[in-house]
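Asks: Structure of the sequence below:
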Amino acid sequence: MRKNLAALGLFSFSILLGFSVGSQIFRHLPIIPIFNNPYEIVSPLVEQNYHPINNILRFLVLLLCPVLAWLALGRLLPSYRPSALPSETPENRWEKRVWWAGVMFFLLFGAMEFYLGFRPRAYPDTLDVFWAFHEAEWLMPAWNWWISGKIWSASFFAHGAFYDVFSAAMAWKFFDGVSISASRIMVNFLTQLTIFANLAFLIAASYFGFASRRHLAALFCLGSLYSVYALTQHFHFLERRDLPVLLGLCFFLLGLCREKRWPFFVTGLFAACSWLYTIDRGVYFTASIGIVLIATALLTRKFRQMGWNLLLALGGIVFGLGLFAIWIGSSEFLEGVRTTLFHFQIKDLSDGSPYPPPGFPITNAKFLFTTHTFPLVALCVQVLAFFVFLQRNRWKVMLQSEWLVQLCLLVFSLVYYRSALARCDEIHFRYVSTFAFLGMAYVAVQAVVHSRWWQLRFGSIFFLGLALLFPAKIFLGMLQNIPEKMVSDLSLRKQPVHEADNFYLSDWQKEIHAFLREEFRDEKCFYSLANEPLWPFLLRKPSCGRFYLTWLISDTRLQKMAIAELAQHMPGKILMHTPNPGDEIDGIQIERRVRHLYNFISEHYRPYRTHKGWEVWIRKKAEHSQRQFDPRPLERYAGGGGSLAQFFPIR
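Replies: Residues are numbered from 1 along each chain as shown. Below you'll find the predicted structure:
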C-alpha cells in the first residue's frame, strides 16, 4: 500500500513538474509564420500569420514534458518501476457464467437506452427549432442529390457522402417524402445506434484485453468504463460519425489480440465506410490502423504477420470504396476524390484556430483537464513504461493483449486529437476525448486487476459490485421511465412523420421564410451569399450550382468556379446579407472571406429590398432573361469550370 501511494505521489509530482517546464517552453516557442498563401485564403490564422503546424508543436510540448519527467524520475527511483504483466491463470466455470450474465445485462441495458433515447422530433435533444447552419449543412446537399442524382458534382460539402447526403436522403426514401422530421428521425436513430456500438466496443476492449482471470476482469473493466462514460456524460458527446469506427474497432481488436487474419479485412470495410461517412474519421481510422500494425510489427518482430494484416485491411478499404465507385459511377467518384484532396489542402488554414483557444490559460494546471490532455498523458505513461523499464521478457510482454489494447487506445486517442488541434474549442476537445478517457479508465482498471486484493475472491466480488453499482442504478431508473415512454410513443404515432417544416421553425424563421418565398417565387434556383443554407431547402429550390455554402470557398480557385457557375445561371435575385452570424463567422465578414465573388456580384447586382436585416439584391438590368435551370451537375464553364479536374487531373 505504501509503495502504491508513493508511486501515485511520484506520478502526480512528475506531471506537475513536467507541465510547469512545458508551460515555460510553451511561452517561449516561436510562432511559425505562414510561408505561402498562393490562393489568398482569408481566415483567422491567415490574419494572425499563424501556421497550423504551431498547434501540433505546442500540443506535443505540453504532452511530452510530463511524460518525459515521469520517465526520468522512474529511472532515478527504480523501486517504483512497473513489473511485468502476469501470465494467464485458470478460472472457474462460475466466472465465465458471471461474465456472460454481465454481457447480457449490458446488451439489455443498451437496448433500453436505445429505446428510451430515441426521439423522432428533437435534434439535438435540447434544440426544438431548426438549426440554420449545421442542420441545413447536410439537408441542402441531400436536397441537391434528391433532384439531380449527383453527389459531389451537385454540392461542395465538407464532411462526407453519407453524413451530408445519404443520411437524410435515405430517410426521405424510406418515409416517401422530403421533410425535416424524416431527417431528424434518421439522425436520432444513428445517434442512438452509435451509443449501442460504443457499448459493443467496450465489451470487446474489456474481453480481449485481459489474460489473468479474464472473464471477471473483463466484466469489472466493462462496468468501470461504462461508469466513466456515464459520469462524464460522454454518451452525450458521442458523434454518430463514429459509428463505423467503433464497429470496426471490435473486429480490429479481435484480429490483433486473437491473431486472426479475416477480422482485418472486415476492419478495412468499416474503414471504407468511415471514409464515406466523414472524411476526417476515415483518415483517422486508416492512419490509426496503420500505426498500430506497424508499431506492433516493430516491437514484436512479427513483420510478415503484421504485413499481411495491413494488406488485408488496405484490401478491405479498396474493396469497399470500389463497390461504392461502381454504384455511383467513376466520374462522380473521381470528383469526390478531388473534393477530398481539396479539403486536405485548405481545411486547416481556412477553418482552423490557434491553440490554446481564448479562455484556456496555459499558466493554470487545470489546463491539462479542460483540454483533456491529462488522459493522454496517463495513457502515454502506462504504454511507454513497459517498453522503457522492462529489461527482461520485453518482447513477451508486448505480445500480451493488455498491452496491445492499451497501444490501440493510445494511438487512436492521439490521432483523433488531431481534430481538436485544427478547430480548437471546448466542444471539439470533448468530441475527440472518447478514446483518451477510455484509455485512462482502462489503465486504472488494470491496476486494480493486478493488485493483491483482486486475487482474493472477496476482493474481486467487492470491486465487481462497486463497478456495477452505477450501471445498476441507471438501469433501475430506465425501468421506471419505460411506461412513460410507451405512453408518449402512442401519442407520437398519431403525428405524421411528414410534419410540416414550420413545426421546427422559430417565429423569426417563419417570418423570413414567408418574405423569401414571396421574393424568390419566380426564381428557378436559389443563390445566397450568406451562410444560411436553410433557405433554399425550405423553399424547395435547388442551389444555383454546387457552392451552396460560401464559407467553404475562401480559396481563390473555388471562388473562380463559383463565379463561372453564377455567370451561367445569373439568377434574377440573390440573398446577399443577413443580420445573423451567417454574415460573420470567426470575426470575418463574408465580403472579405470571398471578396472576388462579392466583387463580381456587386458589379452585376444592386440592393433591392431589405426585411429586418435580410438583404435581397437584384440584377442591374431591368429586364433580365434567366436561362432554364438544369439541376443536373454542371460540367465545365469558361474561365473556371464546374469540375475540380483542372486542379487535380486524376484519370
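Asks: drop to CA atoms for contacts and neighbour counts, all remaining ones
Replies: OK.
Asks: which residues touch Ile346?
Replies: Contacts here follow Cα atoms under 8 Å, 6 or more residues apart in numbering; on that basis Ile346 touches Asp555.
Asks: And the helix or strand harbouring it, what's buried?
Replies: Taking DSSP states H and E as the criterion, Ile346 maps to helix 330-351. For helix 330-351, burial by neighbour count (16 or more other Cα atoms under 10 Å) applies to 332-340, 342-343, 346-351.
Asks: Also stretch 607-616?
Replies: Buried residues in stretch 607-616 (16+ other Cα under 10 Å): 607, 614-616.
Asks: Show the average pLDDT along the helix holding Ile346.
Replies: For helix 330-351, the mean pLDDT works out to 88.
Asks: Keeping just the C-alphas, turn it into PDB.
Replies: What follows is helix 330-351 as a C-alpha-only set of coordinates in PDB (Å, rounded to 0.1, in the frame of the first residue of the first chain):
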ATOM      1  CA  SER A 330     -16.300   6.500 -62.000                       C
ATOM      2  CA  SER A 331     -16.700  10.200 -62.900                       C
ATOM      3  CA  GLU A 332     -18.700  11.100 -59.800                       C
ATOM      4  CA  PHE A 333     -16.300   9.100 -57.600                       C
ATOM      5  CA  LEU A 334     -13.300  10.900 -59.100                       C
ATOM      6  CA  GLU A 335     -15.000  14.200 -58.400                       C
ATOM      7  CA  GLY A 336     -15.300  13.000 -54.800                       C
ATOM      8  CA  VAL A 337     -11.600  12.200 -54.700                       C
ATOM      9  CA  ARG A 338     -10.700  15.600 -56.000                       C
ATOM     10  CA  THR A 339     -13.000  17.300 -53.400                       C
ATOM     11  CA  THR A 340     -11.300  15.300 -50.700                       C
ATOM     12  CA  LEU A 341      -7.900  16.400 -51.900                       C
ATOM     13  CA  PHE A 342      -9.100  20.000 -52.000                       C
ATOM     14  CA  HIS A 343     -10.100  19.800 -48.300                       C
ATOM     15  CA  PHE A 344      -6.700  18.300 -47.400                       C
ATOM     16  CA  GLN A 345      -5.100  21.300 -49.000                       C
ATOM     17  CA  ILE A 346      -7.100  24.100 -47.500                       C
ATOM     18  CA  LYS A 347      -9.200  22.900 -44.500                       C
ATOM     19  CA  ASP A 348      -6.700  23.600 -41.600                       C
ATOM     20  CA  LEU A 349      -5.800  27.000 -43.000                       C
ATOM     21  CA  SER A 350      -9.300  28.200 -43.900                       C
ATOM     22  CA  ASP A 351     -11.200  26.800 -40.900                       C
END
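Asks: Buried residues, the helix or strand following that helix. List them.
Replies: Using DSSP H and E, the helix or strand that directly follows helix 330-351 along the chain is helix 367-370. Of all the residues in helix 367-370, those buried under the rule 16+ other Cα under 10 Å are 367-368.
Asks: Could I get the average pLDDT for helix 367-370?
Replies: Helix 367-370 comes out at a mean pLDDT of 76.
Asks: One more: stretch 473-487?
Replies: 67.
Asks: Could I get the full set of strands for this protein?
Replies: Ranges of strands in the chain, per DSSP state E, are 573-577, 584-585, 588-589, 605-611, 614-619.
Asks: any idea how far Gly477 is from Leu469?
Replies: 13 Å (Cα to Cα, to the nearest Å).
Asks: An error on my part: the question was meant for Phe369.
Replies: 26 Å.
Asks: Ok, Arg97 next?
Replies: Taking Cα to Cα, one finds Arg97 at 19 Å from Leu469.
Asks: got it, and Tyr608?
Replies: From Tyr608 across to Leu469, the span is 65 Å (Cα to Cα).
Asks: that older thread, of Gly477 and Leu469, which one has the most company?
Replies: Between Gly477 and Leu469, Leu469 has the larger neighbour count (other Cα atoms under 10 Å), namely 15 against 11.
Asks: re the thing from before, so which of the strands of the chain gets nearest Asn36?
Replies: Closest of the strands of the chain to Asn36 is strand 588-589, at 20.5 Å (criterion: Cα to Cα).
Asks: which residues sit against the closest one?
Replies: Outside of strand 588-589, the residues within contact range by Cα under 8 Å, 6+ apart are 43-44, 583.
Asks: And those residues, which is closest to Ser451?
Replies: Pro44 (50.9 Å).
Asks: Near the nearest residue to Glu499 once chain neighbours are set aside, how many residues? Count them for me, please.
Replies: Spatially, and ignoring its direct neighbours in sequence, Glu499 is nearest to Ser181 (5.9 Å; Cα to Cα, 6 or more residues apart in numbering). Counted with other Cα under 10 Å, the neighbours of Ser181 add up to 26.
Asks: And Glu523, by the same measure?
Replies: Counted with other Cα under 10 Å, Glu523 comes out at 16.
Asks: Tell me the pLDDT of Phe284.
Replies: Actually, residue 284 is Tyr. It isn't Phe. For Tyr284, the model assigns a pLDDT of 92.
Asks: What of Phe162?
Replies: Phe162 is assigned 93 on the pLDDT scale.
Asks: is it true that it touches Thr278?
Replies: Yes: contact criterion Cα atoms under 8 Å: Phe162 and Thr278 qualify, at 7.2 Å.
Asks: Would you mind putting the strands of the chain into a markdown table with distance to Ile31 alongside?
Replies: Shown next, in a markdown table, are those (distance: least, Cα to Cα, whole Å):
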| stretch | distance to Ile31 |
| --- | --- |
| strand 573-577 | 36 |
| strand 584-585 | 24 |
| strand 588-589 | 22 |
| strand 605-611 | 42 |
| strand 614-619 | 40 |
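Asks: List the residues that contact the nearest residue to Ser543 once chain neighbours are set aside.
Replies: Closest residue in space to Ser543, ignoring its immediate chain neighbours: Phe526 at 5.0 Å, by Cα to Cα, 6+ apart. Under the criterion of Cα under 8 Å, 6+ apart, the neighbours of Phe526 are 520, 536, 541-544, 571, 574.
Asks: How are the helices of the stretch 1-150 of the chain distributed by residue range?
Replies: Along the stretch 1-150 of the chain, the stretches classed as helices by DSSP state H, counting those that start in this stretch are 2-27, 44-47, 53-76, 93-117, 134-148.
Asks: Kindly report the same for the stretch 401-550 of the chain.
Replies: Taking DSSP H, counting those that start in this stretch as the test, the helices found in the stretch 401-550 of the chain are 401-420, 426-431, 434-449, 452-455, 457-492, 507-519, 534-538.
Asks: Which of the helices and strands in the protein ranks last by mean pLDDT?
Replies: Each helix and strand of the chain was given a mean pLDDT (mean pLDDT, DSSP states H and E); the minimum falls on helix 394-399 at a mean of 54.
Asks: So Ala200 versus Phe210, what's the distance?
Replies: Ala200 is 17 Å from Phe210, by Cα to Cα.
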